[in-house]
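[1] Got a sequence here, can you model it:
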Amino acid sequence: MEEKKKTLLKNIIFTALYAIFTLIIVLHHETWADEAQVWQLVRHLNVFELFKHLVNEGHPSFFYLLMMPFAKLHLPIMFMQIFCWLCMTASVFIFLQFSPFGKFAKFAIVTSAGFLYFFPVIARSYSILPLLVFLLAILYPKAKKHPFVYASLIFILANTHIIMLVFCGFLTLDFLYENLFKVRKEIDKNTLKKYLTAFGIMCIGLLAVVAQLHGTTSSNVVIKIDTSSLIVSIVKVLSQFFINSVDNQWPEYNTIMFPLLNVPAILLSALIYVIMFILLLLKDKKLFVITFFSILFQLVVYVVGYNHWVFVNRIFCAHIILIFAFWLLMNKENISSKVKTTINICLSLFFIFMFMNGVKYSVLDIKYNYSSAIETAKYIEKNIDPENSILITDNDPHVMGLVYYFDGKRDIYSVAHRYYIKYVIWDEKLFYILSKLGWAEYTRLEIEKNADFKNKKIYAIIPAFDTYKMEVTELKDYKLIFQSQPAIVKYEGFRVYEYTGKNK
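    Just a heads-up that it's a prediction; the model follows:
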């Protein structure tokens with residue numbers, strides 16, 4: 001008993017240190033486009049409109065519905081950030097207290113990039129996945145005793161993120177086999193009814209995801225099934241899967257860009273990953289099948305539908321499934337101490353390579369702007385008269401942070417959609433990007449046709465520091481009046497230009 005109390009106290013202390021460290025970063029973190037998009041959607045849409053729009057987002061509804069009441073109360077987006085941070089803090093405590101891994105393996109996992117920075121700081125639906133998966137790991141051997149709790153967790157997990165769909169599907173089939181098919185002759189009618197009801201809850205959860213997101217690849221221009229360059233996509237996704245865990249390459253400014261010292265760590269982590277799957281195959285074929293195909297599904301989604309960038313959050317969604325599998329394997333009675341030691345060594349080495357990636361981002365987020373939206377919003381509010389001006393942009397997705405920080409006091413007019421932006425609609429019009437000469441011609445035509453543009457000062461807002469794709473330092477009939485500090489994340493710095501042509 002004394003030993004249990006000491007372990008509990010140690011886990012509480014370590015969780016508290018984790019919570020303090022990550023909270024400091026959360027409080028420094030500037031809201032960026034993807035976070036703002038979630039908050040703007042649930043603020044401006046009702047439940048029916050949200051469900052209609054979700055096919056365009058490519059995400060199921062649970063996280064949005066969770067945030068909606070608080071956004072409707074006009075709470076700041078910090079609520080969502082704190083909520084995600086709390087979920088990760090709870091995840092860490094549950095993991096430390098209840099997982100069967102050794103001390104160093106636990107330390108390596110909790111201090112890896114996903115747990116140290118990307119899950120607790122970046123406020124997205126990804127942040128609640130570890131909590132749900134770890135609770136499932138605890139309840140898995142108790143599913144017979146608590147079928148409705150277990151079924152509800154699978155329902156929620158499936159409806160939190162599409163990339164967990166196959167994982168939830170396999171757990172549903174596993175529940176059917178273990179608790180209904182395998183023992184069908186031994187259970188009474190009441191128990192059978194109870195288990196069938198739980199199975200039905202899981203199936204409804206899976207079907208709900210399909211119903212909500214059917215048609216996403218035709219609705220969302222970014223998420224497209226494309227097999228024309230399949231080999232290139234596979235190489236791109238697999239390389240990013242291992243490279244970005246060790247040293248994420250998304251930021252463009254003030255960062256460590258793939259130092260050669262990381263090459264051995266990346267190659268070794270890939271080797272250990274393969275070894276862990278071989279270990280699963282040898283020791284538990286069912287767990288191997290669940291894990292392999294659940295992670296394969298995630299990779300296929302990226303390869304054929306969304307291979308622009310495999311963010312660390314997404315990579316760690318695969319890693320928590322691997323943790324789940326070894327959690328269950330370590331708890332099996334027939335697993336030898338030698339195998340347990342091997343698992344602990346593999347997990348420790350695999351995740352410790354990701355420690356510096358989390359530290360790097362933590363330091364960067366405190367020292368620099370994650371997004372320069374708040375800095376740009378403050379400049380505009382101070383220097384541009386809202387009554388005598390109009391703000392325009394040709395890049396709806398990357399100004400969402402500005403839209404949030406304006407809080408309805410200013411509007412940004414979408415060049416592509418020809419309306420004032422409240423949230424992003426991911427359609428083909430998003431590819432309507434103006435050239436340096438195109439800004440002048442577009443503005444002239446709008447002044448002729450749109451009353452909002454007449455007799456007002458016109459300002460163009462352009463996400464900056466992506467100059468390798470489009471050079472926007474000088475625009476015809478526009479002058480640069482503001483350039484924000486470079487942001488950590490690409491496209492989240494901004495330039496503001498004032499129109500110098502005729503506007504009558």
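[2] pLDDT weak spots in the stretch 401-504 of the chain?
    465-473, 504 (pLDDT under 70).
[3] all helices in it, in order from the N-terminus.
    Applying DSSP state H, counting those that start in this stretch to the stretch 401-504 of the chain gives helices spanning 438-449.
[4] same thing with the stretch 251-400 of the chain?
    For the stretch 251-400 of the chain, helices defined by DSSP H, counting those that start in this stretch occupy the ranges 262-283, 285-304, 312-330, 337-352, 355-367, 373-383, 400-406.
[5] The fifth one packs against which elements?
    Think helix 355-367. Packed against helix 355-367 by the contact rule (3 or more CB pairs under 8 Å, 6 or more residues apart in numbering; DSSP states H and E) you find helix 2-28, helix 113, helix 119-121, helix 230-247. For every residue, glycine as well, the C-beta is placed using N, CA and C.
[6] Let's see that with 7 Å instead.
    Applying 3 or more CB pairs under 7 Å, 6 or more residues apart in numbering; DSSP states H and E, one finds that helix 355-367 makes contact with helix 2-28, helix 230-247.
[7] ok but Ile163 is inside a strand, no?
    No: under DSSP: H, G, I helix; E, B strand; the rest coil, Ile163 falls outside any strand and is assigned helix.
[8] Quick one: neighbours of the nearest residue to Lys429 once chain neighbours are set aside, just the number.
    Nearest in space to Lys429, with sequence neighbours left out and distances taken as CB to CB, 6 or more residues apart in numbering, is Ala416 at 4.1 Å. Ala416 has 19 neighbours, counted by other CB atoms under 10 Å.
[9] Arg418 too?
    Neighbour count of Arg418, defined by other CB under 10 Å: 11.
[10] ok, now Asn244?
    So Asn244, with other CB under 10 Å, has 21 neighbours.
[11] Which among the helices and strands packed on helix 355-367 is found nearest to Ile374?
    Closest of the helices and strands packed on helix 355-367 to Ile374 is helix 2-28, at 11.4 Å (criterion: CB to CB).
[12] What residues sit buried inside the next helix or strand after that closest one?
    As assigned by DSSP states H and E, the chain's next helix or strand after helix 2-28 is helix 33-44. By 16 or more other CB atoms under 10 Å, the buried positions in helix 33-44 come out as 33-43.
[13] can you list these in a markdown table and add pLDDT and distance to Leu349?
    Below are the buried residues of helix 33-44 laid out as a markdown table (pLDDT from 0 to 100; distance: CB to CB, whole Å):
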| residue | pLDDT | distance to Leu349 |
| --- | --- | --- |
| Ala33 | 94 | 35 |
| Asp34 | 94 | 32 |
| Glu35 | 97 | 33 |
| Ala36 | 97 | 38 |
| Gln37 | 97 | 37 |
| Val38 | 97 | 35 |
| Trp39 | 97 | 39 |
| Gln40 | 97 | 42 |
| Leu41 | 97 | 41 |
| Val42 | 97 | 41 |
| Arg43 | 96 | 44 |
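[14] Reformat the helices and strands packed on helix 355-367 as TSV; add distance to Leu391 and mean pLDDT.
    Shown next, in TSV, are the helices and strands packed on helix 355-367 (distance: least, CB to CB, whole Å; pLDDT from 0 to 100):
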stretch	distance to Leu391	mean pLDDT
helix 2-28	27	95
helix 230-247	34	90
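[15] re the thing from before, nearest to Lys422, of the buried residues of helix 33-44?
    Within the buried residues of helix 33-44, the smallest distance to Lys422 is 6.0 Å, found for Gln40 (CB to CB).
[16] Number of residues surrounding the residue nearest to the closest one when sequence neighbours are not counted?
    In space, not counting the residues next to it along the chain, Gln40 is nearest to Tyr423; the distance is 4.2 Å by CB to CB, 6+ apart. The tally of other residues near Tyr423 (other CB under 10 Å) stands at 22.
[17] sorry, back to before: any idea which of the helices and strands packed on helix 355-367 is most buried?
    helix 230-247 (a mean of 17; mean count of other CB atoms under 10 Å).
[18] Other residues contacting that helix?
    Residues from elsewhere that reach helix 230-247, judged by CB atoms under 7 Å, 6 or more residues apart in numbering: 113, 249, 256, 258, 262, 265-266, 269-270, 299, 302-303, 307, 310, 312, 315, 353-354, 357.
[19] Test my guess that Leu45 contacts His53.
    Yes: using CB atoms under 7 Å, Leu45 is in contact with His53, at 6.2 Å.
[20] Okay, domains of this protein per the record?
    Listed by automatic domain parsing, the domain ranges of the chain are 143-214, 373-499.
[21] now the last one, how far from the chain's geometric center?
    The reference is to domain 373-499. 26 Å (CA atoms, centre = their mean, to the nearest Å).
[22] Ok, the first one next?
    Relative to its parent chain, domain 143-214 has a centroid offset of 25 Å by CA atoms, centre = their mean.
[23] distance of Leu281 from Cys317?
    In this view, Leu281 and Cys317 are 22 Å apart by CB to CB, to the nearest Å.
[24] If you count surrounding residues, which of those two has more?
    Neighbours per residue (other CB under 10 Å) separate Leu281 from Cys317, with Cys317 holding more: 23 against 14.
[25] and that one, what does it touch?
    126, 129, 161, 163-164, 298.
[26] between those residues, which has the most around it?
    Of these, Met164 is surrounded by the most neighbours, 28 neighbours in total, counting by other CB under 10 Å.
[27] Find the residue closest to it in space, skipping its chain neighbours.
    Closest to Met164 by CB to CB, 6+ apart is Leu157, at 5.3 Å.
[28] ok, that neighbour - contacts?
    Residues counted as contacts of Leu157 (CB under 7 Å, 6+ apart) are 132, 164, 168.
[29] Count the neighbours of the last one for me.
    Residues near Cys168, counting by other CB under 10 Å, number 24.
[30] can you list contacts of the helix or strand containing it?
    For Cys168, the host element (DSSP H and E) is helix 165-176. If you take CB under 7 Å, 6+ apart as the criterion, helix 165-176 is touched by 143, 154, 157-158, 199, 202-203, 205-206, 209, 290, 293-294, 297, 321.
[31] Quick check: buried residues in the helix or strand just after that helix?
    Per DSSP H and E, helix 165-176 leads on to helix 189-213 as the next helix or strand towards the C-terminus. Within helix 189-213, the residues that count as buried by 16+ other CB under 10 Å are 194-195, 198-199, 201-203, 205-206, 208-209, 212-213.
[32] What of stretch 405-425?
    Within stretch 405-425, the residues that qualify as buried by neighbour count (16+ other CB under 10 Å) are 405-406, 410-416, 421-425.
[33] Which residues does that stretch contact?
    So stretch 405-425 is contacted by 37, 40-41, 44, 56, 373-374, 377, 380, 386, 390-394, 396-397, 399-400, 402-403, 429-430, 432, 434, 442, 461 (CB under 7 Å, 6+ apart).
[34] are any of those buried, and which?
    Counted by 16+ other CB under 10 Å, these give 37, 40-41, 56, 373-374, 377, 380, 390-394, 396-397, 399-400, 402-403, 430, 434, 442, 461 as buried.
[35] what would the contacts of Leu157 look like in a markdown table with pLDDT and distance to Leu238?
    As requested, these are exported to a markdown table (pLDDT from 0 to 100; distance: CB to CB, whole Å):
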| residue | pLDDT | distance to Leu238 |
| --- | --- | --- |
| Leu132 | 98 | 26 |
| Met164 | 98 | 20 |
| Cys168 | 98 | 24 |
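[36] Need the residues you listed in JSON lines (columns: distance to Lys457).
    Formatted as JSON lines, these follow (distance: CB to CB, whole Å):
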{"residue": "Leu132", "distance to Lys457": "50"}
{"residue": "Met164", "distance to Lys457": "48"}
{"residue": "Cys168", "distance to Lys457": "53"}
